[in-house]
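Undergrad: just need the structure, nothing else, for what follows:
(2 chains)
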Number of protein chains: 2
Amino acid sequence: MSDRREFRDLVEPEKAREAIASLEIAPEAETIPLSEARERVLAERVDAQLDVPGFDRASMDGYAVQARDTFGADESDPIMLDITGAVHAGAEPTVTVASGVCAEISTGAVLPDGADAVVVVERTDELEGGLEVRTSVAPGDNVMFAGADIASGARALGPGTELTARDIGLLSALGCEEVTVQRQPRVGIVSTGDELVRPGGSLDHGRGEIYDVNSATIAAGVEEAGGETVLYPHAGDDYDEMERLLSQAADECDLVLSSGSTSASAVDVIYRVIERRGDLLIHGVAVKPGKPMLIGRLDQNDSAGQSGDSAYIGLPGYPVSALTIFRTFVAPAIRSAAGRSEPRTATIDGQMAVEERYDQGRMRLMPVGLLENTDGETLVYPVDKGSGATTSLVDADGVVTVDPDTSYLANGEDVTVTLFSPAVRPPTLLGVGEDDPALNRFLDQVDQPRYLSVGSRESLRRLRNGLPDVAVTAGPVKRDVEATVLGGWEREWGLLVPDGNPESVTSLADLVDRDLRFVNRTTDSGLRTSLANAVAGVAEKRGVDRHDLVKAIDGFEFAVRAYESPARKVLSGDADVGLGLRTTAAELGLGFVSLGTQSVRVRANPDRTEKDGVRELESAVTDVEETLAEMPGYQPRPQ
Amino acid sequence: MSDRREFRDLVEPEKAREAIASLEIAPEAETIPLSEARERVLAERVDAQLDVPGFDRASMDGYAVQARDTFGADESDPIMLDITGAVHAGAEPTVTVASGVCAEISTGAVLPDGADAVVVVERTDELEGGLEVRTSVAPGDNVMFAGADIASGARALGPGTELTARDIGLLSALGCEEVTVQRQPRVGIVSTGDELVRPGGSLDHGRGEIYDVNSATIAAGVEEAGGETVLYPHAGDDYDEMERLLSQAADECDLVLSSGSTSASAVDVIYRVIERRGDLLIHGVAVKPGKPMLIGRLDQNDSAGQSGDSAYIGLPGYPVSALTIFRTFVAPAIRSAAGRSEPRTATIDGQMAVEERYDQGRMRLMPVGLLENTDGETLVYPVDKGSGATTSLVDADGVVTVDPDTSYLANGEDVTVTLFSPAVRPPTLLGVGEDDPALNRFLDQVDQPRYLSVGSRESLRRLRNGLPDVAVTAGPVKRDVEATVLGGWEREWGLLVPDGNPESVTSLADLVDRDLRFVNRTTDSGLRTSLANAVAGVAEKRGVDRHDLVKAIDGFEFAVRAYESPARKVLSGDADVGLGLRTTAAELGLGFVSLGTQSVRVRANPDRTEKDGVRELESAVTDVEETLAEMPGYQPRPQ
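TA: Predicted structure coming up:
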């Protein structure tokens, strides 16, 4: 293991930022059609090249007049004018307006020669012999003079303007068909690791293959920040392949990001490529996560034969770490290169909902979840499943930066959260507890809920600590938590067996007495509790120790995490019998041996019953008949 | 004018909203590649179809062991294990781990049979004869078990999730190559009016042609709201053409928007098309602006031969009115059809910075500009240039909805502003005053300034009223306003003549004494004030009334609004002499007859000198030498 590189000379995060700032990512400006300019950034000031309007223009429907003809006219004392003709928008006037004469005119039409005002149609009547005018107008009334809107030479939009609908409107008024904008930096993404498979491919679990998460995540992040992405085929840990890919990416892109494999050997291969084919500025940053970050330059020979540099940043391999480092260090650099500013939604202020200790002397980028209390205040809690967990990507909303000197964040302390994406919306409901397919459907009726499948017992512990809005339990639980029951239902549970029940399993006793491979649920699950109680019942009936029965079940300790997981093991032939629900058996075409029913209860934090999300869930679980009717083994809570 | 339709039966805005809600705009779901899914909205729940990881996985680099072999080991009392081989990520283990044995393992690799934990590399040393382990581990340490991240069957993402980088990451982890999302509603845009020309075309001012502003503005608004746009060639006011275009748009789109011509006759043509080819639900809404809004349905025969309806909404023709009505009534409907929620940035709270009266008994959608005071509070002021002005598009940031019963908004009153686009950024600086080409360059150094070219005198009046941050004057002004001078410079002004000075103009007297066509600046301009003073000087020298001299100048009253406008008139041959700056003459290749220099002064509101935008401008106008050196006739303020 002598070639494993330890990141011992970690630089401070500020140095990493400076190194990134020293890379020249910003591409030149480019000229694009106005129709594609939304969200792009003006590279230079736009001055009006013409007067808008280009002529004196009627701004109302009515009659073009010489204003002095109308002086003194009112409702009780109208004046009469001859009508000489009409002027329409988009047509050249064929009339002139002399004293005593008027011309019908539509909004937007050219004010005819001689006229200096417009009388609106509502204050006139066409009578035999002419027009009755019942108001007086001053010169210029209801007329927009040439250049009155925008005058030629006026500053219309400044450099750095991020183009929205209104700016595009102004540019249209100026006749701009094209605009010169900052080119979007082109960002190449190279993911590395022999174990990675692109989504859509099939996985060989025996080889430890997993889907490539970082490429798509970082690509989306790049696009959010205003860059354009080029995805490269992912590289194994082979030096030659890595060098070829990184060189190609450097030739084609303004910035190359690598990520993927977390193994030190892969990082080491990249390290050597950068040193040989470029310039490694930083290797290792004193930040958690993200220690193995690399920053440098790669030689670039672009398609025009120009040689130069492409910027290079190596991200950590774990998805949450990669996104965290990307969001903190890389996205701001891409935004800046694209000329875009951080949107107002990039951060959100809140208060810690728990206390948090940390003292490793390194800056910490702490993934956090967000939650609102009834007063609409934002609560912040750390999410730490180990950074290898991809679910942290959606269980967390963003990152709190904790200084190296800060070893303690108090409950209630103010913190600022940098959201993973400016468009991230904090959930409207935080639920925790048992997983249940009916619950999944009810959650669909809540706008943006978050549900953490932590099991029944743990859900009550968390509810007691006050963080979640809602806890969901299944089976017997100790009810020592103050809570408001929102609703509940019954579900039938038992043993899942292959279709047709080839082993003719009929009861729990078969598991104990026969040589059947069983797959259980983890101990946090209410299903597991009900199973343990049933085993105890058999033990009591037989007059034996329940521990002996448990030992006799092959696979009692082979526990998996979700309601469908044992079923999948049975389906794949990895087990003969699994613990599960009748509805899962029906859904997946398995046989089912019923062992009983258990209650599912949805309990709310009494302080949060007025929250929109809680009310939405309450409304969903109050009227359950229709949903449960479609689910074999489910029924409403008995009255 | 008998065919002009008056909108007398106006419905309340709430009825208009209900009518729009009754239109079925939401298209069916569609399945798209994950790589295109950013910003799209999940149409259905995504449950995990596999365990992640799919195998027991090393989460650190180190050695796979049987945990019980390590019990008791520590730094002072290490244990030794035999090394049987290595397991790499992406490769099938070829070893098994028995008691007393270990296998090198990299992060992400499959835990080999027999092993139940990983010892991290940092707590080991490879010695001759085996591995020294200096720590004890428990079963499961540094291992992520199959399904521990996401278990098969678990609810991964709910319907309605707006996909950001993190969600795309989770979907990648689940192997999703495609996702089922809400299809973006297809919105057809038909702009009407004989006078409209697409940007890029050339305008015939004599016919009153103008560029089509609404098509591009509304298209950008549709895209911001999550729709897809189809632009149709614009239609004149001809019935048959309008019917053909609207029918085609209805066949191809979920929603058809028309806008463009403001003339009652064009609205009337559309009105008749909708009545004949569909169903007109609402004609006229009690809202200002927007009275002539139309809401209905158009018959649809889609490409698959299905017949049905397309929704139809007719917008007012003036750009600000069109965008205001679009943003208030239409964008929410498109968002809802696309499954998207209003972003947090869609609105901003602030306080009125002036008082505003209004009592027409109709709901008012008041275009407003935003401004921050030094405390970071948002100030709101009405922008009302007449809704025909396209510059209001960028001088305003959004809209305040004022109830029909509200006739008065007090200075300081709390209001909520709906931004024209969620991405609109309020300006960092509000400047008002004289227009000046050097100032334009200095403004380029400020991040997102807003500058209203209101002239010198008006700028001081507004500064006195306290709204703007900065006022810029040119020439002599009464300095009765408390202000902090940020900087200033001198500019040379005079008469602009064609290149080569064909009429041999040498002084102001030529304008008075000879038959030359002159073009002046408007009375708000400091240039005009300096010219008037110069004319008074000539009058005094001659001992005549200055009014007589003014009358003798052909075109003294022909006044245009910006510093370059007179120059353009001279260039186009519409005038022989124009009022302007030496630098403009140089820029446009005109001759120049100098009449003097005038001071340009930049003054700040004393309460706002600490604002970022003001400081940026101050820094720009403090160090002016380099910029002015490039501008003929400009020089720094004399010391």
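Undergrad: who are the contact partners of the residue lying closest to A:Thr164 once chain neighbours are set aside?
TA: In this structure, A:Thr164 finds its nearest non-sequential neighbour in B:Ser421, 3.8 Å apart by C-beta to C-beta, 6 or more residues apart in numbering or on different chains. (C-beta placed from N, C-alpha, C; glycine too.) Applying C-beta atoms under 8 Å, 6 or more residues apart in numbering or on different chains to B:Ser421 gives the contacts A:164-166, B:220-221, B:224, B:327.
Undergrad: for B:Gly108, see how far away B:Ser421 is.
TA: In this view, B:Ser421 and B:Gly108 are 43 Å apart by C-beta to C-beta, to the nearest Å.
Undergrad: what's the answer for A:Val550, then?
TA: As judged by C-beta to C-beta, A:Val550 and B:Gly108 stand 34 Å apart.
Undergrad: close to chain B, is stretch A:308-318?
TA: Yes: interface with chain B: stretch A:308-318 contributes A:Gly317 (C-beta under 8 Å from any C-beta of the partner chain).
Undergrad: off-centre distance for that stretch?
TA: Distance of stretch A:308-318 from its chain centroid, counting by C-alpha atoms, centre = their mean, to the nearest Å, is 23 Å.
Undergrad: list the buried residues in it.
TA: Neighbour counts over stretch A:308-318 (16 or more other C-beta atoms under 10 Å in any protein chain shown) mark A:309-318 as buried.
Undergrad: what mean pLDDT does it get?
TA: If you average the pLDDT over stretch A:308-318, you get 92.
Undergrad: can you map out the helices along the stretch 251-400 of chain A?
TA: Assigned by DSSP state H, counting those that start in this stretch, the helices in the stretch 251-400 of chain A fall at A:264-277, A:319-325, A:331-338, A:392-395.
Undergrad: out of those, which gets nearest to chain B?
TA: Of all these, helix A:392-395 sits nearest to chain B, with 4.2 Å by C-beta to the nearest C-beta.
Undergrad: output the contacting helices and strands for the closest one.
TA: helix A:319-325, strand A:449-452, helix B:165-173 (3 or more C-beta pairs under 8 Å, 6 or more residues apart in numbering or on different chains; DSSP states H and E).
Undergrad: repeat that for 10 Å
TA: helix A:319-325, strand A:363-372, strand A:449-452, helix B:165-173 (3 or more C-beta pairs under 10 Å, 6 or more residues apart in numbering or on different chains; DSSP states H and E).
Undergrad: so A:Val550 and B:Gly108 - more neighbours on which side?
TA: B:Gly108 (30 against 17; other C-beta atoms under 10 Å in any protein chain shown).
Undergrad: confirm that one sits in a strand?
TA: No: B:Gly108: not assigned to a strand; according to DSSP: H, G, I helix; E, B strand; the rest coil it is coil.
Undergrad: please identify the helix or strand for the closest residue to it other than its chain neighbours.
TA: Once flanking residues are discounted, B:Gly108 sits nearest to B:Ala89: 3.8 Å by C-beta to C-beta, 6+ apart. Per DSSP states H and E, B:Ala89 falls between elements, in no helix or strand.
Undergrad: what residue in the stretch 101-250 of chain A comes nearest to chain B?
TA: When scored by C-beta to the nearest C-beta, the stretch 101-250 of chain A has A:Gly153 as its residue closest to chain B, at 2.3 Å.
Undergrad: distance of that residue relative to B:Asp435?
TA: From A:Gly153 to B:Asp435 the distance is 8 Å (C-beta to C-beta).
Undergrad: do A:Phe592 as well
TA: 81 Å.
Undergrad: equivalent analysis for A:Leu549, please.
TA: Counting by C-beta to C-beta, the gap from A:Leu549 to B:Asp435 is 91 Å.
Undergrad: kindly report the same for A:Gly613.
TA: Taking C-beta to C-beta, one finds A:Gly613 at 52 Å from B:Asp435.
Undergrad: higher neighbour count, those two?
TA: B:Asp435 (27 against 23).
Undergrad: list the residues that contact the more buried one.
TA: A:151, A:153-155, B:451-456, B:472, B:474, B:521, B:525-527, B:561-565 (C-beta atoms under 10 Å, 6 or more residues apart in numbering or on different chains).
Undergrad: where does chain A dip in pLDDT?
TA: Chain A contains residues with pLDDT under 70 at A:1-8, A:260-267, A:385-387, A:639.
Undergrad: grab the longest helix from chain A for me.
TA: As assigned by DSSP state H, the longest helix anywhere in chain A is helix A:526-542.
Undergrad: next, see if that helix gets close to chain B.
TA: No: against chain B, helix A:526-542 shows no contacts by C-beta under 10 Å from any C-beta of the partner chain, the least distance being 12.6 Å.
Undergrad: now for that helix, which elements pack on it?
TA: If you count contacts as 3+ C-beta pairs under 10 Å, 6+ apart, helix A:526-542 packs onto helix A:456-465, strand A:470-474, strand A:484-497, helix A:508-513, strand A:518-521, helix A:546-552, strand A:577-581, strand A:591-604.
Undergrad: what about 6 Å?
TA: Other helices and strands packing on helix A:526-542, by 3 or more C-beta pairs under 6 Å, 6 or more residues apart in numbering or on different chains; DSSP states H and E, are helix A:546-552.
Undergrad: name the residues of the helix it packs on that are buried.
TA: Those would be A:546, A:549-550, for helix A:546-552 by 16+ other C-beta under 10 Å.
Undergrad: what is in contact with A:Gly153 and B:Asp435 at once?
TA: Listed as contacting both A:Gly153 and B:Asp435 by C-beta atoms under 6 Å, 6 or more residues apart in numbering or on different chains are B:562-563.
Undergrad: isn't A:Thr96 up against A:Asp113?
TA: Yes: the pair A:Thr96 / A:Asp113 is scored as a contact, 4.4 Å apart, by C-beta atoms under 6 Å.
Undergrad: grab the nearest non-local neighbour of the residue of chain A most remote from its centre.
TA: Farthest-out residue of chain A from its mean C-alpha position, per C-alpha atoms, centre = their mean: A:Gly129, at 68.7 Å. Taking C-beta to C-beta, 6+ apart, and ignoring the residues beside it in sequence, A:Gly129 has A:Met80 as its nearest neighbour in space, at 7.2 Å.
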